[in-house]
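Visitor: could you work out the structure for the sequence below:
(one chain, ligands or ions: 1)
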Amino acid sequence: MTKEEVLQSLAIETDSKLIMTVIDGIGGLPVRGKTELEAAKIPNLDRLASKSICGLIDPISYGITPGSGPSHLALFGYDPFRFEIGRGVMEALGIGLKLTEEDLTARGNFATIDENGIIVDRRAGRISTEKNQEICQFLQNEIREVDGIRVSIYPGKEHRFVIVFQGEGLKDNLIDADPQKDGKKAKGTESLTAEAQRTAEIVNAYLKKATEALKLFHPANTILLRGFSKIPNIPSMFERFKLKPAAIATYPMYRGLARLVGMDVLETGETLRDEVETLKNNFNRYDFFYIHFKKTDSAGEDGDFKKKVKAIEEIDRILPSILKLKPDVLVVTGDHSTPAVLKSHSWHPNPILLYSKYTRPDGIRRFTERQCQKGQLGRFPAMEIIPLMLANGLKLKKFGA
Ligand code: ZN
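Guide: Alright, predicted model coming up:
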């Protein structure tokens, strides 16, 4: 048996309640000697750390900087190398689409070609978002289906959009219908396997029709498609871990990711308080909660150290309302680091604390990267968090006699 199969065979349903709190991009790097967490005043997190076991998690593996897709899959207990989420799917989840197994998605650009079909501007002069919306609406009315396959197009920002082909038998082993560079001839897609042949023909027929229809819309007179993908076939968290899970997140992408692993995605408001209120109101209905806080990551991406510190402090202030629910197991961690210094996600490990009554607290007094590193959990891969939570919730049977 594989480790995954063993876990699956050991998992049992019980009444205990698990909460996984994900502070997006929590980990940081020092500025004048202190990381964002070290600079923040977080008495509640510090106190909780002292009653918990602590450590550092690697989102994916040493040195790998993850996107939100793989880092969340790992947090949810899935091997991010095995279950790949394509770029088209991520983009579709990001705008809140609910995808089914029949859907083939891709990211698209409007682009400009000359009379010889050579791409002269891959971004169609960065047309305005309003213009984009108008063209997408036009295309949607012009071409609703190709060879029995429904086609839907959703505008994004500027020249970008998401396209969804929907019907039976579509495959995603396709190369990008995008030469990636100006000065090259626009090209269709090609199938990488024989079974994707028909899909490639459908996509190419669409491209041809769309380019025909867009003649009057110069500079947006053709489209480029890339990242063809379908949702991966992922077993649900119930199948895997016998959990009845719910997700509380405000951004569509995280809600979509949670849906992929079979979580119920709860309606919630914009603020942290709203999210915690949603947790409270649904606490009796589920036994696993994923609650996501986004502001820390956005501040890190902006390179705004102070704003990230403030966002961390804000989370600290609502922690008592989560503790009041008396979860059997509470984890606080992040999906990856987003140091303000780097203005982007990074490969650095994140602090984690795990609170339950069945631990031997290790006396860590600060919830920071450098303190958690001294904790008994040591440094480990994020996908091992779920087994640890299950064990602490007494949701895993003994392995072997
Ligand atoms: Zn993230």
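Visitor: okay, CA-based contacts and neighbour counts for the rest of this
Guide: Fine.
Visitor: tell me which residue in the stretch 151-300 of the chain sits closest to the ion.
Guide: Asp297 (6.3 Å; CA to the ion).
Visitor: and the residue of the stretch 301-401 of the chain nearest the ion?
Guide: Counting by CA to the ion, the stretch 301-401 of the chain gets nearest the ion through Asp335, at 5.4 Å.
Visitor: which bits of this structure sit near the ion?
Guide: Asp24, Ser68 (CA under 5 Å from the ion).
Visitor: sheet-wise, list the partners of the lengthiest strand in the chain with their directions.
Guide: Using DSSP state E, we find that the single longest strand of the chain is strand 103-113. Strand 103-113 has these partner strands in its sheet, going by DSSP bridges: strand 119-121 (antiparallel), strand 160-166 (antiparallel), strand 222-229 (antiparallel).
Visitor: sorry, back to before: tell me the pLDDT at the residue of the stretch 301-401 of the chain closest to the ion?
Guide: Predicted confidence (pLDDT) for Asp335: 97.
Visitor: surely the residue of the stretch 151-300 of the chain closest to the ion is within a helix?
Guide: Yes. Assigned with DSSP: H, G, I helix; E, B strand; the rest coil, Asp297 falls within a helix.
Visitor: re earlier: using a markdown table, lay out the strands paired with strand 103-113 together with mean neighbour count.
Guide: Output for the strands paired with strand 103-113, formatted as a markdown table (neighbours: other CA atoms under 10 Å):
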| stretch | mean neighbour count |
| --- | --- |
| strand 119-121 | 21 |
| strand 160-166 | 24 |
| strand 222-229 | 24 |
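Visitor: and those strands: which comes nearest Asp302?
Guide: strand 160-166 (21.9 Å; CA to CA).
Visitor: the closest one - what's its average pLDDT?
Guide: Strand 160-166 comes out at a mean pLDDT of 96.
Visitor: same question for stretch 121-128.
Guide: The average pLDDT within stretch 121-128 is 92.
Visitor: likewise stretch 353-365?
Guide: In the prediction, stretch 353-365 has an average pLDDT of 96.
Visitor: which of the residues in that stretch are buried?
Guide: Going by neighbour count (16 or more other CA atoms under 10 Å), the buried part of stretch 353-365 is Leu353, Leu354, Tyr355, Ser356, Pro361, Asp362, Gly363, Ile364, Arg365.
Visitor: follow-up on the earlier one: what is the neighbour count of the residue of the stretch 151-300 of the chain closest to the ion?
Guide: The tally of other residues near Asp297 (other CA atoms under 10 Å) stands at 27.
Visitor: appreciated, that's everything.
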